[in-house]
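Asks: structure here, sequence nowhere to be found:
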DNA sequence: GCCATGGCTAGTA
DNA sequence: GCCATGGCTAGTA
């Protein structure tokens, strides 16, 4: 496993309940500003093994990025149960909910 | 080759 | 809309 992958896993696992981070933000913090798509892949492959809070990751516009209706519903329910408000269109107010880890902890 | 991205343009109103 | 991006994985040699 690459350092980038480990880093991404560590960052995602530390997103607190009630907050979200974006793919690009995670990639940049992990040292690869253009690596947003890799974050997608890592979420796919590593969520189970590491019990990642996959539902706390959204796209740069603050939207639920999933395509499938059932999965979108799952993410919406998970976020709302943590107190994150999701609009009818599936968007989250990043101003309010985006998490910025303490740079010291990275 | 794949993408649950992202950022920049073209083209409408 | 469009397409450059880039680490990872599947699948061939």
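Replies: That came through fine. Keep in mind the model is a prediction, meaning the values are calculated, not measured.
Asks: near DNA strand C, anything from the longest helix seen in chain A?
Replies: Identified as the longest helix of chain A according to DSSP state H is helix A:36-50. Yes. Helix A:36-50 reaches DNA strand C (CB under 7 Å from any atom of the strand) through A:37-38, A:41-42, A:45. The C-beta positions use only the backbone N, C-alpha and C, and glycine is treated the same way.
Asks: over to stretch A:1-17?
Replies: Yes. Residues of stretch A:1-17 contacting DNA strand C under CB under 7 Å from any atom of the strand: A:1-2, A:4-5.
Asks: and those residues as JSON lines, adding distance to residue A:104 and secondary structure?
Replies: JSON lines is the format used below for the residues of stretch A:1-17 next to DNA strand C (distance: CB to CB, whole Å; DSSP: H, G, I helix; E, B strand; the rest coil):
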{"residue": "A:1", "distance to residue A:104": "24", "secondary structure": "coil"}
{"residue": "A:2", "distance to residue A:104": "24", "secondary structure": "coil"}
{"residue": "A:4", "distance to residue A:104": "20", "secondary structure": "helix"}
{"residue": "A:5", "distance to residue A:104": "22", "secondary structure": "helix"}
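Asks: quick check, central residue of chain A?
Replies: Within chain A, one residue has its C-alpha closest to the average C-alpha position: by CA atoms, centre = their mean, that is residue A:57, at 1.7 Å.
Asks: doesn't residue A:26 make contact with that residue?
Replies: Yes. Counting by CB atoms under 8 Å, residue A:57 does reach residue A:26; the two are 6.9 Å apart.
Asks: who touches both of the two?
Replies: A:12, A:39 (CB atoms under 8 Å, 6 or more residues apart in numbering).
Asks: got the residues of stretch A:1-17 next to DNA strand C as a markdown table, with neighbour count, distance to residue A:102 and pLDDT columns?
Replies: Shown next, in a markdown table, are these (neighbours: other CB atoms under 10 Å; distance: CB to CB, whole Å; pLDDT from 0 to 100):
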| residue | neighbour count | distance to residue A:102 | pLDDT |
| --- | --- | --- | --- |
| A:1 | 8 | 25 | 83 |
| A:2 | 11 | 24 | 85 |
| A:4 | 16 | 21 | 91 |
| A:5 | 16 | 22 | 92 |
